[in-house]
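**Q** quick one: sequence and predicted model below, then my questions.
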Amino acid sequence: MSWFKRVKEGITTSTSDKKSVPDGLWHKCSRCKKATLSSDHAVNKYVCMHCNYHDKIGSREYFEVIFDEGTCKELYSNIKPTDPLEFKDTKAYKDRLAETIKKTGMEDALRVGVGNVDGLPLVIACMDFGFIGGSMGSVVGEKIARAIDYGRENRIPVMIISKSGGARMMEAAFSLMQMAKTSAKLALLGQAGVPYISLLTDPTTGGVTASFAMLGDINIAEPEALIGFAGPRVIRETIGKDLPKGFQSSEFLLEHGFVDIIVPRTELKQKLSTLLHLWAEKPMAV
Amino acid sequence: MAHFDFEKPIQELEDQLKKVREVADKGKIDVTASIKELEEKIITTKRELYSNLNGWQRVQISRHPDRPYTLDYVENCFENFVEMHGDRNVKDDKAMVGGFASINGKTVMVIGHQKGRNTKQRQYRNFGMPNPEGYRKALRLMKLAEKLNKPIITFIDTPGASPGLEAEERGQGEAIAKNLLEMSVLKVPVICIIIGEGASGGALGIGVGDKVMMMENTWYSVISPESCSSILWRSWEHKEKAADALKLTANDMLKNKLIDGIIQEPLGGAHENPTEAYQIMKQEIDKMLAELCAKKSDELITSRIEKFSAMGAFTE
């Protein structure tokens, strides 16, 4: 004989009457594993409320964080990738592209938007890490080049948000030359006297670091981002030693003089607004 | 001299020729006809072999230890070279050399990666892998050339910019990036010649010019075939496939309009006949200087930027 006797029946609610928890209601931090309401997470600019981890977000979220609501207009979205070298490793690049486009709903690893920041215009070219590691191929280079030209022709400051593993190997030398192309365009922007802001986020490495990411009139980094030329694994293998703690972090670059300021994402818009107002010599709205 | 596997047919013929000559030296039999026949066969075999090399074979030749390096070209194609040192900031980078020199009476600034030939020299030159101060030294010399209105010639031969703690601390990325930006608007003619390995940003860091040329047996790409293999195939075994896929040879690069021309090499590669290689190099440089020096600086800058801006493959 059992010690307890069930008084009520088991769960009897039919599936259709069940109250479901919608997918994505909660966000689990990939560092501290603690949960936050997704809506709160978005309000906090996708920064973990518990451990301050800056979530890897894409261009859609950055535009939302930075631009005044309803002011963002996307540019050059008609530029699409091809496979100039018919590159094939374990998978054909053509297939890899098709799959990634289908999976992410994006055309390539960067989007350009022009909009307002507290009423002042800004052109932003923002990389998407979700598209083949945010790698820079011809489309990324071309869109950046056009974004810079747009800023120069319309005398609007330009910002590039870097989040990339570097050059896209499947476009080989085509992708290498995007470094020269974007840097040359920045030279012209500089000669025209239009400011350029580089925002370095986690991660910024390789050919992106060795071109536009390091060329900002002001280099801003998000906290604790990995920023470097050679990847940590390559360096570790070369020197045969473990790397010191904090090596190639935003804080390391600030200390060595390659970053102007580290700005948490929650304060990013405000900081950009201050800079744009200072450059335009316009009073800030209170 | 070191030979590669794919050169075996030639080596066999050369061994045969040697034996026949030994017979001839003894003077008992007339072998003139056989010698002539073998010599001709060697030349036709070489022509056929070297005009059909694949990517990986070119990569191997580009790394031949007897291939002329930057300072060899400087010594043999130029006169009155005055080497200059240091970036005026941290130190002197031995993997990057440069200074004023003259060629056919014309003063130019010559800059290039420098590799070493034996173990000691290789270490001294850091295997031709510059640190940030190397790129900054190069930029200092380029700005000086611009100030004195002298054309710039760069020789590219590097397995990549140095990866290391100090390189990162001193801003390897920033140093290369700055060079790309500054080189694109230099007011004087800039000629860049890949004489061996052209690996990624480390090569491009002195590679933005009005004329970007590749010697016949060199490679230029975003990554070395070995590293490409290790990243995409997760093993070093697929370097030959990677070399093929990267389309890194001079012919491929010219076809894709990513370089401006190819400089021929003596049969079998520059190391087989350096004297001839220097002659060809000198003629090519003369020709390019004559063409570029006739242009105004605005014109140079505009067409340089337009050339690099047109690089890329996409649809719209």
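**A** Thanks, I have it.

**Q** list the residues that contact the closest residue to A:Val65 other than its chain neighbours.
**A** Nearest residue to A:Val65, sequence neighbours excluded (CB to CB, 6 or more residues apart in numbering or on different chains): A:Lys45, at 5.1 Å. In this view, the C-beta of every residue, glycine as well, is placed from N, C-alpha and C. Applying CB atoms under 8 Å, 6 or more residues apart in numbering or on different chains, we find A:Lys45 in contact with A:65, A:265-266, A:268.

**Q** recalculate using a threshold of 7 Å.
**A** Contact partners of A:Lys45, counting by CB atoms under 7 Å, 6 or more residues apart in numbering or on different chains, are A:65, A:265-266.

**Q** straight-line length of stretch A:46-57, end to end?
**A** Using CA to CA, to the nearest Å, the end-to-end distance of stretch A:46-57 comes to 7 Å.

**Q** and for it, what's in contact with it?
**A** With CB under 7 Å, 6+ apart, stretch A:46-57 has contacts from A:29, A:31-32, A:34, A:36, A:40, A:61, A:129, A:163, A:202, A:222-223, A:264-266.

**Q** run the last query once more with 6 Å
**A** A:29, A:31-32, A:34, A:36, A:61, A:129, A:222, A:265-266 (CB atoms under 6 Å, 6 or more residues apart in numbering or on different chains).

**Q** helix or strand with the lowest mean pLDDT in chain A?
**A** helix A:232-239 (a mean of 89; mean pLDDT, DSSP states H and E).

**Q** quick one: that helix to chain centroid distance?
**A** Using CA atoms, centre = their mean, to the nearest Å, the distance from the centre of helix A:232-239 to the centre of the chain it belongs to is 25 Å.

**Q** for stretch B:11-29, same thing?
**A** On CA atoms, centre = their mean, the centre of stretch B:11-29 falls 36 Å from the chain's centre.

**Q** quick one: low-confidence parts of chain B?
**A** Chain B contains residues with pLDDT under 70 at B:1-2.

**Q** same thing but at 80, please
**A** B:1-2, B:27-29 (pLDDT under 80).

**Q** do chain A as well
**A** For chain A, applying pLDDT under 80 flags the ranges A:1-24, A:285-286.

**Q** report the longest helix in it, please.
**A** Taking DSSP state H as the criterion, chain A has its longest helix at helix A:172-191.

**Q** could you list every helix and strand in contact with that helix?
**A** Contacts defined by 3 or more CB pairs under 6 Å, 6 or more residues apart in numbering or on different chains; DSSP states H and E place helix A:172-191 against helix A:138-154, helix B:172-184, helix B:297-309.

**Q** who's B:Ile194 bridged to?
**A** B:Ile156, B:Met214 (DSSP bridges).

**Q** that one touches B:Asn217, doesn't it?
**A** No: B:Ile194 is beyond contact range of B:Asn217, at 10.2 Å (criterion: CB atoms under 6 Å).

**Q** list the buried residues for stretch B:100-108?
**A** B:100-101, B:103, B:108 (16 or more other CB atoms under 10 Å in any protein chain shown).

**Q** closest one of those residues to chain A?
**A** Each of these was checked against chain A using CB to the nearest CB; the closest is B:Val108, at 21.9 Å.

**Q** would you agree that closest one falls within a helix?
**A** No: under DSSP: H, G, I helix; E, B strand; the rest coil, B:Val108 falls outside any helix and is assigned strand.

**Q** contacting residues around it?
**A** Contacts of B:Val108 by CB under 6 Å, 6+ apart are B:150-151, B:153.

**Q** kindly report the residues of chain B close to chain A.
**A** B:163, B:168-169, B:171-174, B:176-177, B:180-181, B:184-185, B:201, B:208, B:221-223, B:228, B:232, B:245-247, B:258, B:305, B:308-309, B:311-316 (CB under 6 Å from any CB of the partner chain).
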